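Student: Predicted model and sequence follow; I will ask about them next.
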Amino acid sequence: MLHIVIPAYNEELRLPRTLRALRRFVAQRRSVLGEVEVLVVDNASTDRTAEVAREAASPVMPVRVVECLQRGKGAAVRAGLLASDADLVAFMDADGATDLTALDEAWRRFQLGADVVIGSRALPDSVADVRSCRTRTAGAAAYRRIARRLVPGIADTQCGFKVIRGALARAVAEDLSARGFSFDVELLVRLRAAGARIVEIPVTWTDVPGSTFVPARHGAGAFTELAAIAWRTRGLGAPIAGRATVWAREQSPMPLPAPVALPVALAVPAAASLLGEA
């Protein structure tokens, strides 16, 4: 079974279109994907986000609303991961920016032995329609440089499409502390420390208007959160003890990569306010 987590804060306008597209996609691929349920995490919305999510439910694609009163995309995704009990759990953005055919490629990669499949706008075969200006580009580049020090080898930590084996996702989510837009980095750090085999895939990605990320408002906080993640995860050079490590060793069908030593805590760059779409 596949659960798809969609974090949503005041998404009554964009969410219905995404859920309709997802329902059509699931209906066409039921023979491959099997049962699919969507978990919309209502992140303390003040509009009709929860109502429009429930209205989108159908026998083909059940939709469950998970309440998360703690604000922040990271908090919402964590709540969704912990609410799942499926074999595979994915999360994607409410705006549907990533083309859903990424699910087909993710499914294929799991058949080949991946533990985690993440969308990447930075791969040569990706197609990304990204808004850009000088300040957004400079801020995003600075952010990526720091993120890559924490998770070497990952080209795009911030694409909102990721699929994880369910038991591993729930084990790692227990320790996830980042609540803001930088939560993906901590998630990847902890997945790698758990010994998971992480695979990036190309995606078709469209920048949809209406993002809740505003560089002037959230940029500095995202950089600060990166520094906090580096501090919290220092010493995770070896696989963390607990369920995630046991899962990875016993169930992963392919050899696991050697753990990567993590850097010490990072200073927040002066250009923090320039952060754009990372």
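Tutor: Sure thing, it's come through. The structure displayed is predicted, hence computed values, not measured ones. Residues are numbered from 1 along each chain as shown.
Student: When you work out contacts or count neighbours from here on, use the C-alpha atoms and nothing else.
Tutor: Noted.
Student: Give the closest residue to Lys73 in space, chain neighbours not counted.
Tutor: Gly180 (5.4 Å; CA to CA, 6 or more residues apart in numbering).
Student: In this structure that neighbour contacts Glu225, no?
Tutor: Yes: counting by CA atoms under 8 Å, Gly180 does reach Glu225; the two are 7.5 Å apart.
Student: Comparing these two, which residue is more hemmed in?
Tutor: Shown here are Gly180 and Glu225; by other CA atoms under 10 Å, Glu225 has more neighbours (22 against 18).
Student: Was I right to think that one contacts Ser182?
Tutor: Yes: under the criterion of CA under 8 Å, Glu225 makes contact with Ser182 at 6.3 Å.
Student: Can I take it that Pro7 is in a strand?
Tutor: Yes: counting by DSSP: H, G, I helix; E, B strand; the rest coil, Pro7 falls inside a strand.
Student: Give me the neighbour count for the spatially closest residue to Phe183 that is not a sequence neighbour.
Tutor: Counting by CA to CA, 6+ apart, Phe183 lies nearest to Gly74, which is 5.0 Å off, once chain neighbours are set aside. The local packing of Gly74 (other CA under 10 Å) involves 22 other residues.
Student: show me the contacts for Gly74.
Tutor: Neighbouring residues of Gly74 by CA atoms under 8 Å, 6 or more residues apart in numbering: Ala178, Arg179, Gly180, Phe181, Ser182, Phe183, Asp184.
Student: by contact count, what packs against the helix or strand where Leu187 lies?
Tutor: Using DSSP states H and E, Leu187 maps to helix 183-193. Judged by 3 or more CA pairs under 8 Å, 6 or more residues apart in numbering; DSSP states H and E, helix 183-193 is in contact with helix 73-83, helix 134-150, helix 166-173, helix 215-232.
Student: ok, and for that helix, which residues are buried?
Tutor: Phe183, Asp184, Val185, Glu186, Leu187, Leu188, Val189, Arg190, Leu191, Arg192, Ala193 (16 or more other CA atoms under 10 Å).
Student: In contact with the closest residue in space to Pro202 that isn't next to it in sequence: list those residues for me.
Tutor: With sequence-adjacent residues excluded and distances taken as CA to CA, 6+ apart, Pro202 is closest to Ser126, at 4.5 Å. For Ser126, the contacting residues are Ser120, Pro202, Val203, Thr204, Trp205, by CA under 8 Å, 6+ apart.
Student: Same list (those residues) but as JSON lines, adding distance to Val5.
Tutor: JSON lines is the format used below for the contacts of Ser126 (distance: CA to CA, whole Å):
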{"residue": "Ser120", "distance to Val5": "18"}
{"residue": "Pro202", "distance to Val5": "20"}
{"residue": "Val203", "distance to Val5": "18"}
{"residue": "Thr204", "distance to Val5": "19"}
{"residue": "Trp205", "distance to Val5": "18"}
